[in-house]
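Chemist: sequence isn't available, so here's the structure alone:
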């Protein structure tokens, strides 16, 4: 069960949580690109970058909580995930290692995010090189209690279901990677996964994608058919 949790086949070990164990990979949710943009807009400028790194990284929430100013690479448009800071039940962050060695990686982001990175570092990140990239209005690390209230309001405004979590943005990004033509290895590297089992649960294929695949097959047909 611990292995399954580490492979992200389930979100948490049901042995740890009362009443858990009901969720299966098929129940994972995704947002559209338009909904990702809407979430970023509704959450406001301070949290816009966090939404995009979650969706287009795709980074884990605990990896984003650990990001420092010096982890940002503007020249190559990306961030270094070197550690993770999961949130404890007390609300405090617990600095530690990434989920696996594969989690230590450079996350290449879409070129359009260069401006978002620069603006965030100028306006919202702490100024010391080793200071946190994401902090609240009072300079504290982002937490479920404070960020969660903003998230719920934005989620409702965008029209996403109550079950849609910040972690589902990572799922969204992983799915977008596969639909853009990324190989299994590509998606594993981007998401910082060491297990093919974990990566395979993101291999969704909706009707639109199936039409694209069919069109691609049609383009290979012999002349005259």
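Modeler: Cool, got the structure. Predicted model only: the values in this text are computed from it and were never measured. Residues are numbered from 1 along each chain as shown.

Chemist: gap between residue 125 and residue 119?
Modeler: Distance of residue 125 to residue 119, given as Cβ to Cβ, to the nearest Å: 10 Å. Glycine gets a C-beta too; all of them are placed from N, C-alpha and C.

Chemist: more neighbours: these two, which one.
Modeler: Between residue 125 and residue 119, counted using other Cβ atoms under 10 Å, residue 125 has the larger neighbour count: 19 against 13.

Chemist: and the next element down the chain from the lengthiest helix in the chain?
Modeler: Ranked by number of residues, the top helix in the chain under DSSP state H is helix 144-158. Once the chain leaves helix 144-158, the next helix or strand it forms, by DSSP states H and E, is helix 167-179.

Chemist: residues contacting the nearest residue to residue 93 once chain neighbours are set aside?
Modeler: With sequence-adjacent residues excluded and distances taken as Cβ to Cβ, 6 or more residues apart in numbering, residue 93 is closest to residue 85, at 4.1 Å. With contacts defined as Cβ atoms under 8 Å, 6 or more residues apart in numbering, the neighbours of residue 85 are 62, 65-66, 93-96, 141.

Chemist: related to what we said a few turns ago, who are the packing partners of the longest helix of the chain?
Modeler: Applying 3 or more Cβ pairs under 8 Å, 6 or more residues apart in numbering; DSSP states H and E, one finds that helix 144-158 contacts helix 33-43.

Chemist: may I see the buried residues of the helix it packs on?
Modeler: 35-40, 42-43 (16 or more other Cβ atoms under 10 Å).

Chemist: which strands and helices sit next to that helix?
Modeler: Judged by 3+ Cβ pairs under 8 Å, 6+ apart, the packing partners of helix 33-43 are helix 45-56, helix 144-158, helix 167-179.

Chemist: among those helices, which is nearest residue 100?
Modeler: Distance to residue 100, taken as Cβ to Cβ, is lowest for helix 167-179 among the helices and strands packed on helix 33-43, at 15.2 Å.

Chemist: next SSE after that closest one?
Modeler: Past helix 167-179, further along toward the C-terminus, the next helix or strand under DSSP H and E is helix 184-191.

Chemist: report all helices and strands that that following helix contacts.
Modeler: Checking 3+ Cβ pairs under 8 Å, 6+ apart, helix 184-191 ends up next to strand 105-108, helix 167-179, helix 196-200.

Chemist: give me the pLDDT value at the residue nearest to residue 30 when sequence neighbours are not counted.
Modeler: Computed as Cβ to Cβ, 6+ apart, the closest residue to residue 30 that is not its neighbour in sequence is residue 172, at 4.5 Å. What the model reports for residue 172 is a pLDDT of 90.

Chemist: from residue 139, how far out is residue 172?
Modeler: Distance of residue 172 to residue 139, computed by Cβ to Cβ: 29 Å.

Chemist: quick one: which of these two has more around it?
Modeler: More neighbours sit around residue 172 than around the other of residue 172 and residue 139, counting by other Cβ under 10 Å; the figures are 24 against 9.

Chemist: can you pull the contacts of that one?
Modeler: Taking Cβ under 8 Å, 6+ apart as the definition of contact, the neighbours of residue 172 are 30-31, 36, 55, 58.
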